[in-house]
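K.L.:
all I have is the shape, not the residue letters:
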């Protein structure tokens, strides 16, 4: 014998939600405040380390040679009003963008061709795999000799930094597309071009953006190093890498750190840009 | 052991589409070279009658998916032939639609775009006609309000229904379902089975349904084809005498119990063979069946 008691579900309360602005949501997010605490703690320890040295005369390893955040902020406030500093930004961004975009333009079709055509892969993959492990900076001397201007050499080396990563990501992404998508499309009457444009291309997009994000990071690494190596003479015209190098030559630690932080910000902004574009281009990845 | 029960009187209202006959004649397919060869299907012969729902059941790893690939045209038999309404199957085509395991909706397209994909690609009819048909089918499968959602935003059951709509809009002569309800939870699975039955019973489109669940097979099918262990051969053909429309309570009848017992005996016997075969070959690392 069993007794079953059924209960009618209670009527749900009327929704009391109001769509909150992005700022409101950020401010009420505990993770945001934890991040802020981490950042402030970092600055505080840095400042305290410098204080021990300057005010108490203690020899603190590393901190003794490090200017305090306040000193860096002071230098930064002088620097940001100078056009030279912003020219360094413009120069570096131009080089990063040139190298990065050329790498995308060549790398994406090349990677897709490797993925879809066996003969193409058989021929071009072995030389690609031999060139790939060579660090981009190892190309700098050869590039300086080969290309007529320093500018072209820097862009070339920047291009190499992103190119290999992009190709490997595109190739991997296109090769791991679920065969069932291709089969389903074939059953529905897709020809080779449809399979490529409707399945392989959208199916590879996530990998294209992964490659872009990683490639962008490498591009900033490479451009900075290349600017330092090739020097910022009248011909190649500065850049953030040269800004740091000339600050080093001028013996200004504050300016070195301003340059370093500038690069951090530049790298962050370019990754954020790629993320925003990625979310636009791949709305299904945003879906929950 | 072949149990033959006279088929139930089926009211087949003959419409132009969906009443097609599929024949497999001495179909063989193996993989590997002559030194390391695995026969997956050997001289497989059976028939799918027009308007029937035929279930293929067999021990796991027996070659059910290979049969699906061959009938769908993704793979070609090494010998023998597969006929659809008398003409041999060559390559994939819109006359045979597959509903895949775990669903294969394109993740980058909305539910609606997935459904209209085939007709738009082939340029069949005007945009308005395709749109009308897609909306009708999406409403029919209960996804009228989910047209703009991406597959990842749908539940497992909804994804299966969306995939059914995507297949049906192409008006296939044969619907091939490869363990379509695998991976659904215990609540959604019977719901999907019942939903699918009603859909099938509406117009009785010839259906090849692959499953490893014997109860599911009995509940859905007109005929059960029980396969042997690899290489797959027909061990038994069992007619399911249950009337349509099918209801869950029919599963409690003594007939069903008897069918289930017989089928399970065969399957168990075959599974044991497969198990022994694997154990014997284990040290060569060639165990093929799924765990």
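P.N.:
Right, received. Where do you want to start? The shown structure was predicted, so the numbers you read here are calculated from the model rather than taken from an experiment.

K.L.:
so which helix or strand takes in residue B:117?
P.N.:
Residue B:117 belongs to helix B:111-122 when assigned by DSSP states H and E.

K.L.:
give me the contacts around that helix.
P.N.:
Helix B:111-122 is contacted by residues A:185, A:188-190, A:194, A:198, B:94, B:105-106, B:109, B:125, B:127, B:130-131, B:133-134, B:137-138, B:143, B:146-151, B:154, B:162-163, B:165-166, B:169-170 when judged by CB atoms under 8 Å, 6 or more residues apart in numbering or on different chains. All C-beta atoms are positioned from the backbone trio N, CA, C, and that covers glycine.

K.L.:
swap in 6 Å and give it another go.
P.N.:
Residues outside helix B:111-122 that contact it (CB atoms under 6 Å, 6 or more residues apart in numbering or on different chains): A:188-190, A:194, B:105-106, B:130, B:134, B:143, B:146-147, B:149, B:162, B:165-166, B:169-170.

K.L.:
quick one: name whatever helix or strand follows that helix.
P.N.:
Later in the chain than helix B:111-122, the nearest helix or strand by DSSP H and E is helix B:127-140.

K.L.:
next SSE downstream of that next one?
P.N.:
helix B:156-168.

K.L.:
quick check: residue A:108 is in a helix.
P.N.:
Yes - counting by DSSP: H, G, I helix; E, B strand; the rest coil, residue A:108 is found in a helix.

K.L.:
so how far is residue A:208 from it?
P.N.:
Separation of residue A:108 from residue A:208 (CB to CB, to the nearest Å): 6 Å.

K.L.:
neighbour count for these two, which is higher?
P.N.:
Neighbours were counted for residue A:108 and for residue A:208 using other CB atoms under 10 Å in any protein chain shown; residue A:208 has more, 23 against 20.

K.L.:
which helix or strand contains the more buried one?
P.N.:
helix A:201-230.

K.L.:
which parts of that helix are buried?
P.N.:
By 16 or more other CB atoms under 10 Å in any protein chain shown, the buried positions in helix A:201-230 come out as A:201-220, A:222-230.

K.L.:
what about that helix, near chain B?
P.N.:
Yes - interface with chain B: helix A:201-230 contributes residue A:202 (CB under 6 Å from any CB of the partner chain).

K.L.:
which strands or helices does that helix pack on?
P.N.:
For helix A:201-230, the helices and strands in contact under the criterion 3 or more CB pairs under 6 Å, 6 or more residues apart in numbering or on different chains; DSSP states H and E are helix A:83-116, helix A:150-175, helix A:240-249, helix A:253-281.

K.L.:
may I have the phi/psi pair for residue A:8?
P.N.:
phi -70, psi 130 (degrees, to the nearest 10).

K.L.:
near chain A, which residues of chain B show up?
P.N.:
Contact residues (CB under 6 Å from any CB) of chain B with chain A: B:74, B:92, B:94, B:97, B:100, B:104, B:106-108, B:118, B:121-122, B:150, B:152-153.

K.L.:
weed out the non-buried ones from those.
P.N.:
Here, 16+ other CB under 10 Å leaves B:74, B:92, B:94, B:97, B:100, B:104, B:106, B:107, B:108, B:118, B:121, B:150 buried among the residues of chain B next to chain A.
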